[in-house]
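Engineer: Generate a structure from the sequence data that follows.
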Amino acid sequence: MSSNEHPELRRNRRVKEYWQLVSGTAQYRYRICWEGARRVMTERGFDPSYAILATCDQGDDVNATFILPDGGAVSCDVRKDSTTRQAVDVTSWETLAHTVEEDEYSLGAEILRDSHLRDAFDRAVSAYFDFHLRHDDRPLPRAGV
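Structural biologist: Residues are numbered from 1 along each chain as shown. Okay, here's the model as predicted:
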């Protein structure tokens, strides 16, 4: 946040950042297409239900930025299986430096630090999935079919 940012502009920006975190995290935690990424994250020692998806860019690999349970952030590239489209391996893993700026990463870390905020966030993520994503969440192709 700039010291010159009007309080109403700050509030509007933070609300937008919050709902972007809710939307991305709902996809990551619940959609079938993210099952492989959840498995890969678990293999790395992180419980997917305590990670927040901050950004995601699709390409040959999926580049995603997560806020981890300790409040740190990581950017990773995840390789997908060409048939199932499930994540099968992490090809890049970079811990991001902490910044003093107020942004979606600091908001995610704040949510994960406070049990009341985390509980409210988890409820919002679940409700977002139920309302916006569940009806279109279809099984992916299987390998060898």
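Engineer: Could you point out the longest strand of this structure?
Structural biologist: For the chain, the longest strand by residue count, based on DSSP state E, is strand 87-96.
Engineer: Look up the residues forming beta bridges with Val74.
Structural biologist: Using DSSP bridges, the bridge partners assigned to Val74 are Phe66, Thr95.
Engineer: mind listing what it touches?
Structural biologist: For Val74, the contact set (Cβ atoms under 8 Å, 6 or more residues apart in numbering) comprises 65-66, 68, 93-96. Glycine gets a C-beta too; all of them are placed from N, C-alpha and C.
Engineer: Surely Pro139 touches Ile32?
Structural biologist: Yes: the pair Pro139 / Ile32 is scored as a contact, 6.0 Å apart, by Cβ atoms under 8 Å.
Engineer: can you pull the contacts of the residue most central in space within the chain?
Structural biologist: In the chain, the residue lying closest to the centroid (Cα atoms, centre = their mean) is Leu53, at 0.9 Å. Contacts for Leu53 (Cβ under 8 Å, 6+ apart) come out as 21, 24-25, 27-28, 64-66.
Engineer: Enumerate the positions of the helix or strand hosting it that are buried.
Structural biologist: Here Leu53, judged by DSSP states H and E, is contained in strand 52-57. When burial is assessed from 16 or more other Cβ atoms under 10 Å, strand 52-57 yields the following buried residues: 52-54, 56.
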